[in-house]
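J.: Model the structure of this input:
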Amino acid sequence: VIDFNFLNENTGFLCAKHALYKTTNTGVTWNSILYNDDFMFNVIQFSNEQNGFAIIYQDFGEAGLYKTTDGGLTWQNKLQRNYLTKISFANSYTGYIADRYAESGPHGGSTYYTKFYKTTDGGNSWFSTLTTQGAFVTALHFFNENTGLAAGDYNEILKTTDGGYNWSATGYFDRGSKMQFVNLLTGYVGSSKTTDGGNTWFKQNFEGNNFDFVTPEIGFGVGGNGAILKTTDGGGLSVGINTTTTEAKNYSLSQNYPNPFNPETKIQFSVPKNGLVKILVYDLLGREVKELVNEFKQMGSYNVSFN
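T.: Next up, the predicted model:
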């Protein structure tokens, strides 16, 4: 799992390296929307079920900012740069994105720069606001058109109040590469949380950078083996949702769990390429008991229930 974005407690999007998925049942199951060998998804952000943005890398190495208006089925390139890192929209029209690039010095070595870009027309066109030497933006969030926070090198939190033209240090966090606020006071970056608008941060129970909150209490994260975790107390405790959407290298059909079961068990299977998948259950006499799957599946890993 590379990144994911929940719109509410039930509906969210998730990207693997070459694939995009959607859930409408709080992450229990995920439906494949797109698989593209030419795309390498890095960041996704949806404003509703139809409209969203993604930072996508391609074979030639550069990063592109892409926009979808049909729920992720098709994507249009809106900005092409060296190393786009993070994106944040303050509203439907105003958004910001950070790009990192390097310039070689006259005596060898490289100097790194971060350039901020801004849009005021919903991401169709972008203009630069600031180029700064040395800083590397690992996370970004804007509250409105003028006020935003960025997580930078050395675990430093930077703040702007003039739309990204000037930034100043305002605090420090534990670590992380994704920032999100659910209101003006409560926010998260990596394994750190703030309840005072980003002035101070404290370490959370969750270890990881992939998370997404829909309320101050309800959020989702990615655990080991691609398992989606859910918290209902603001990140204090997490419970598994038992789902997998990682890319598959081989055909596989895992042992059902639990076994024995009453009344339901789950079976995980993986397919390494797009095609028709059929899974049947037989009894000890070889008689067909139930057809679990008989449909076209895109490359990936899936769970199916049997009762």
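J.: Assess the claim that Ala90 and Glu145 are in contact.
T.: Yes - proximity of Ala90 to Glu145 meets the contact threshold set by Cβ atoms under 8 Å, at 5.3 Å. C-beta: built from backbone N, CA, C; applies to glycine.
J.: all helices for the stretch 1-150 of the chain, in order.
T.: Listed in chain order, the helices of the stretch 1-150 of the chain (DSSP state H, counting those that start in this stretch) amount to none at all.
J.: how about stretch 139-148: buried residues?
T.: Ala139, Leu140, His141, Phe142, Phe143, Glu145, Thr147, Gly148 (16 or more other Cβ atoms under 10 Å).
J.: Going by distance to Asp99, which of those residues wins?
T.: Nearest to Asp99 among these: Leu140, at 11.4 Å, using Cβ to Cβ.
J.: how far away is the closest one from Lys193?
T.: According to Cβ to Cβ, to the nearest Å, Leu140 stands 17 Å off from Lys193.
J.: so how many other residues sit close to Glu103?
T.: Using other Cβ atoms under 10 Å, Glu103 has 9 neighbouring residues.
J.: Enumerate every residue touching the spatially closest residue to it that is not a sequence neighbour.
T.: What sits nearest to Glu103 in space, not counting adjacent residues and going by Cβ to Cβ, 6 or more residues apart in numbering, is Thr111, at 5.3 Å. When contacts are counted by Cβ atoms under 8 Å, 6 or more residues apart in numbering, Thr111 touches Ala102, Glu103, Gly105, Gln133, Gly134.
J.: can you tell me which residues contact Asn210?
T.: Contacts of Asn210 (Cβ under 8 Å, 6+ apart): Val1, Asp3, Phe4, Lys178, Gly221, Val222.
J.: nope, Tyr282 is what I meant
T.: Tyr282 touches Glu288, Val289, counting by Cβ under 8 Å, 6+ apart.
J.: Show the model's pLDDT score for it.
T.: On pLDDT, Tyr282 comes in at 80.
J.: Phe211: neighbour count?
T.: With other Cβ under 10 Å as criterion, Phe211 counts 24.
J.: List the backbone torsions phi and psi for Gly187.
T.: phi -150, psi 170 (degrees, to the nearest 10).
J.: does Pro216 really touch Thr186, like I thought?
T.: Yes - using Cβ under 8 Å, Pro216 makes contact with Thr186 at a distance of 4.7 Å.
J.: Can you work out which residues contact both of the two?
T.: Common neighbours of Pro216 and Thr186 (Cβ under 8 Å, 6+ apart) are Gly234.
J.: that older thread, ok, so of the contacts of Thr111, who is nearest Asn36?
T.: Proximity to Asn36 was ranked across the contacts of Thr111 by Cβ to Cβ; first place goes to Ala102, at 28.3 Å.
J.: is it true that the closest one touches Gly109?
T.: No - if you go by Cβ under 8 Å, Ala102 and Gly109 don't touch, sitting 9.6 Å apart.
J.: Which one of those two is surrounded by more residues?
T.: Ala102 (12 against 8).
J.: beta partners for that one?
T.: Tyr112 (DSSP bridges).
J.: Now do the same contact list for the residue nearest to Phe127 when sequence neighbours are not counted.
T.: Excluding the flanking residues, the one nearest Phe127 by Cβ to Cβ, 6+ apart is Lys118, at 6.1 Å. When contacts are counted by Cβ under 8 Å, 6+ apart, Lys118 is found next to Thr94, Gly95, Tyr96, Trp126, Phe127, Ser128, Thr129, Gly163, Gly164.
J.: Which of the three states applies to the last one?
T.: In this case it means Gly164. Under the three-state scheme (DSSP: H, G, I helix; E, B strand; the rest coil), Gly164 adopts coil.
J.: Check what pLDDT it gets.
T.: pLDDT, Gly164: 85.
J.: Kindly report the same for Asn8.
T.: So Asn8 comes in at 92 (pLDDT).
J.: Ok, Leu14 next?
T.: 92.
J.: Skipping its backbone neighbours, what lies nearest it in space?
T.: Excluding its sequence neighbours, the residue lying closest to Leu14 (Cβ to Cβ, 6+ apart) is Phe4, at 3.9 Å.
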